[in-house]
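Peer 1: My questions are about this predicted structure, shown below with the sequence.
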Amino acid sequence: MPINLQIHLDNRPAGEAAASNFKLVSTETPALAPGQVLVRHHYLSLDPYMRGRMNDAKSYTAPQPLHEVMVGGTAGEVIESRNDKFAVGDKVVGTGGWQHYSVVDAAVPGALRKVDTSRIPLSAYLGAVGMPGVTAWYGLVKIIEPKAGETMVVSAATGAVGSAFAALSKARGCRTVGIAGGPDKCRYAVDELGFDACIDYKLHTDAASLSRALKLACPDGIDGYFENVGGMVLDAVLGRMNAFGRIAVCGMIARYDGAALPMSDPSLILLSRLKMQGFIVSEHMAVWPEALQELGTLVASGKLRARESIAQGLEAAPEAFLGLLKGRNFGKQLVKLYPQELAS
């Protein structure tokens with residue numbers, strides 16, 4: 001069995017996360033037991049939710065354990081199998097974490113999923129046709145419940161979730177407006193992702209200024225909002241929501257370092273009779289097949305062309321992750337593991 005390189009959470013952050021929170025570890029890969037498969041990872045997924053798990057605090061899931069492999073999505077191939085349902089060479093996605101190899105008990109429901117790479121790239125199964133895409137689908141379809149002609153807004157618009165949200169929203173006949181950081185991202189949102197407009201939040205120093213920009217981009221108000229950020233952005237959107245608007249709360253990246261994020265005027269939820277619902281997509285596995293079917297069709301047909309930021313090599317994962325939290329990525333953030341690296 002091959003020697004495995006892993007990245008562990010070595011210590012918990014105090015405030016902002018840092019590269020010193022992580023540690024590169026070399027370990028032996030255990031022999032397979034009956035029912036298990038050995039997966040060689042080609043791509044690791046880096047996602048904002050990982051920052052919350054680094055804290056030892058109450059949340060919707062247990063904290064990331066110290067001195068263990070950082071948990072996360074992976075895409076790769078089976079290189080050894082003691083399970084009749086998986087053959088050597090099968091392309092698979094799972095949650096193998098920040099490491100070169102993972103031993104997976106493939107009999108556990110949802111632990112490993114075979115994917116077809118004939119029309120959809122393997123990396124897309126960690127983004128548009130994976131957890132981020134399903135997250136966008138669930139928030140839009142099941143919580144916001146859009147109607148043709150309505151106006152939808154999403155923050156972090158050019159990320160993995162926002163990119164999928166744009167395609168799904170436009171497919172339902174909605175005016176779709178993004179909020180992103182920087183002119184390059186905003187141009188990409190309109191020119192490549194199909195947004196009707198995109199607002200650069202970096203041009204605004206407070207919620208009132210951002211709210212005025214939203215008024216220009218959404219002259220008929222906002223009917224549905226997909227929340228990834230919180231803070232000033234949420235305050236600005238709340239003031240532009242139409243009566244009986246719906247807000248799907250997916251993430252609050254502005255508070256991942258632990259600081260509280262009070263709303264400036266929560267009475268707007270009552271005055272506009274808003275529905276505001278948080279959700280965790282892993283708690284809704286029953287809808288994944290339906291969502292993945294639509295997302296896969298959009299990618300295969302070219303209607304969803306999500307961009308990827310790819311860091312090279314396992315050791316690049318911590319800095320790439322910290323860059324993601326600062327918005328330095330452009331699209332879905334991945335780490336690519338090369339065969340020569342795995343063989344070293």
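Peer 2: Noted; the coordinates are in hand.
Peer 1: Run a quick neighbour tally on Pro262.
Peer 2: 7 (other CB atoms under 10 Å). C-beta: built from backbone N, CA, C; applies to glycine.
Peer 1: Am I right that it sits in a helix?
Peer 2: No - Pro262 sits outside any helix when classified using DSSP: H, G, I helix; E, B strand; the rest coil, being coil.
Peer 1: so where do the helices sit in the stretch 151-300 of the chain?
Peer 2: Remark: helices assigned in the stretch 151-300 of the chain by DSSP state H, counting those that start in this stretch are 160-171, 183-191, 207-217, 232-238, 267-271, 288-300.
Peer 1: So which of those helices is nearest Pro121?
Peer 2: Minimum separation from Pro121 across the helices of the stretch 151-300 of the chain (CB to CB) falls at helix 288-300, 8.4 Å.
Peer 1: helices and strands around the closest one, which ones?
Peer 2: Using 3 or more CB pairs under 8 Å, 6 or more residues apart in numbering; DSSP states H and E, the elements in contact with helix 288-300 are helix 131-138, helix 160-171.
Peer 1: and the angle from the helix or strand following that helix to helix 160-171?
Peer 2: Going down the chain from helix 288-300, the next helix or strand is strand 308-312, by DSSP states H and E. Angle, strand 308-312 to helix 160-171, by axes from the mean of the first three to the mean of the last three CA atoms, to 10 degrees: 160 degrees.
Peer 1: would you turn the helices and strands packed on helix 288-300 into CSV with distance to Val177?
Peer 2: Listed next are those as CSV, based on distance: least, CB to CB, whole Å:
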stretch, distance to Val177
helix 131-138, 15
helix 160-171, 9
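Peer 1: Determine which of those helices approaches Glu28 most closely.
Peer 2: Nearest of the helices and strands packed on helix 288-300 (CB to CB): helix 131-138, 29.7 Å.
Peer 1: Let's see the closest one as PDB, backbone CA atoms only.
Peer 2: C-alpha atoms of helix 131-138 as PDB (Å, rounded to 0.1, in the frame of the first residue of the first chain):
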ATOM      1  CA  MET A 131     -22.200  19.900  -3.300                       C
ATOM      2  CA  PRO A 132     -22.000  23.600  -4.300                       C
ATOM      3  CA  GLY A 133     -24.300  23.100  -7.300                       C
ATOM      4  CA  VAL A 134     -26.800  21.200  -5.200                       C
ATOM      5  CA  THR A 135     -26.600  23.900  -2.500                       C
ATOM      6  CA  ALA A 136     -27.600  26.600  -5.100                       C
ATOM      7  CA  TRP A 137     -30.400  24.300  -6.400                       C
ATOM      8  CA  TYR A 138     -31.900  23.600  -3.000                       C
END
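Peer 1: Provide a list of residues in contact with the residue most central in space within the chain.
Peer 2: Note on the chain: the residue nearest the mean C-alpha position is Pro132, at 4.0 Å, using CA atoms, centre = their mean. By CB atoms under 8 Å, 6 or more residues apart in numbering, the contact set of Pro132 is 47, 126, 159-161, 164, 332.
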